[in-house]
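Enquirer: Predicted model and sequence follow; I will ask about them next.
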Amino acid sequence: MASAEQVLQVLIGRITKVMGIDAATVTPDTRFDEDLHADSLDRVEIIEGVERDLRRRGEKAAVSDETLIGLRTVGEASVRIAAATVSSGEGRGR
């Protein structure tokens with residue numbers, strides 16, 4: 001399972017690509033609405049990109065877009081995604 005800090009780094013990378021901003025300006029306290037001016041389509045694009053990035057690392061995030069759209073900050077999103085992330089590798093037979 002990815003940690004919140006690991007997810008935060010992936011999330012910041014995706015935010016910089018989607019929103020066209022410098023990664024140094026994004027912190028856990030950065031607000032999607034007030035600071036990034038991210039609309040619902042931006043958020044969905046960001047989250048889908050994070051899910052793809054995590055899959056490449058062998059992790060699977062299972063958080064709905066609707067849930068993440070309601071989150072206020074980048075930090076809240078990273079914690080929620082990390083909590084819903086599981087390893088997609090073999091041997092998980094629990």
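Expert: Nice, thanks for sending it over.
Enquirer: for the protein, which residue is closest to the average position?
Expert: Note on the chain: the residue nearest the mean C-alpha position is Leu11, at 4.1 Å, using C-alpha atoms, centre = their mean.
Enquirer: Surely it and Val74 touch.
Expert: Yes: using C-beta atoms under 8 Å, Leu11 is in contact with Val74, at 6.1 Å. C-beta here means a position set from N, CA and C on the backbone, and glycine is covered the same way.
Enquirer: for the nearest residue to Glu45 once chain neighbours are set aside, what are its contacts?
Expert: Computed as C-beta to C-beta, 6 or more residues apart in numbering, the closest residue to Glu45 that is not its neighbour in sequence is Val18, at 5.2 Å. Remark: with contacts taken as C-beta atoms under 8 Å, 6 or more residues apart in numbering, Val18 is in contact with 38, 42, 45-46, 49.
Enquirer: 6 Å - rerun?
Expert: Taking C-beta atoms under 6 Å, 6 or more residues apart in numbering, we find Val18 in contact with 42, 45-46.
Enquirer: and which of the residues you listed is nearest to Ser87?
Expert: Ile46 (22.4 Å; C-beta to C-beta).
Enquirer: Could I get the full set of strands for the protein?
Expert: Secondary structure of the chain, counting by DSSP state E: strands at 59-61, 85-87.
Enquirer: which other residues reach the last one?
Expert: Outside of strand 85-87, the residues within contact range by C-beta under 6 Å, 6+ apart are 1-2, 59-61.
Enquirer: From those residues, list just the buried residues.
Expert: 2, 59-61 (16 or more other C-beta atoms under 10 Å).
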